[in-house]
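Chemist: fold the following.
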Amino acid sequence: MLVLLVGYDVTMRYLFQSGSIGIQELQWHLFSIIFLLGAGYTLKHDEHVRLDIVYRSRFLSDRLRAWVDVFGTVFILLPFCLLIIYTAWPFVHQAYLSGEISPDPGGLTMRWLIKAMIQLGFALLVLQGIAELIRKLKIALDKG
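Modeler: Here you go, the predicted model:
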């Protein structure tokens, strides 16, 4: 959908000299949503960024890697996500109460919706982090 939207916007701007601020903002919003909602999916499929030179080295066993993941999840991922969710609430709430809209003419309304995606994206990341924590704890505590 985003690719089609960008294609439409480029065609309208360069062939017909008719652009739309709302379409441009929608592109940014869709990209943000993809990024925010894709974080949990990326964690689930183990495609997130990490220092693989150490993590994937032959010096770390699967069990030790699991402990590294448990530590990272408990002390970095979950607290950071919860902090973002907590601190984003006033940001979203104020946008909703004030009926915030784009400051640009022809921009999008209901700005609180895109701001709420921050909380939703990080909430989904928390849920996936908990699922990964359970899975990694099983590996880390396995005696066999």
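Chemist: could you tell me how many residues sit around Arg50?
Modeler: Look at Arg50: counted by other Cβ atoms under 10 Å, it has 13 neighbours. Yep, even glycine has a C-beta here, placed from its N, CA and C like the rest.
Chemist: repeat that for Gly121.
Modeler: Neighbour count for Gly121, taken as other Cβ under 10 Å: 23.
Chemist: helix or strand for the closest residue to it other than its chain neighbours, which one?
Modeler: The shortest distance from Gly121 to any non-neighbouring residue, by Cβ to Cβ, 6 or more residues apart in numbering, is to Leu36 (2.9 Å). In the assignment (DSSP states H and E), Leu36 maps to helix 21-44.
Chemist: packing partners of that helix?
Modeler: In this structure, helix 21-44 packs against helix 2-15, helix 111-141, with contacts taken as 3 or more Cβ pairs under 8 Å, 6 or more residues apart in numbering; DSSP states H and E.
Chemist: give the contact list for the residue nearest to Gly121.
Modeler: Contact analysis of Leu36 by Cβ atoms under 8 Å, 6 or more residues apart in numbering lists 117-118, 120-122.
Chemist: which phi and psi does the closest residue in space to Ile101 that isn't next to it in sequence have?
Modeler: Counting by Cβ to Cβ, 6+ apart, Thr109 is the residue found nearest to Ile101 once chain neighbours are left out, at 4.6 Å. In terms of degrees, to the nearest 10, the main-chain angles of Thr109 are phi -100, psi -180.
Chemist: ok, Thr109 touching Ala95?
Modeler: No: when contacts are counted by Cβ atoms under 8 Å, Thr109 is not listed as touching Ala95 (11.0 Å).
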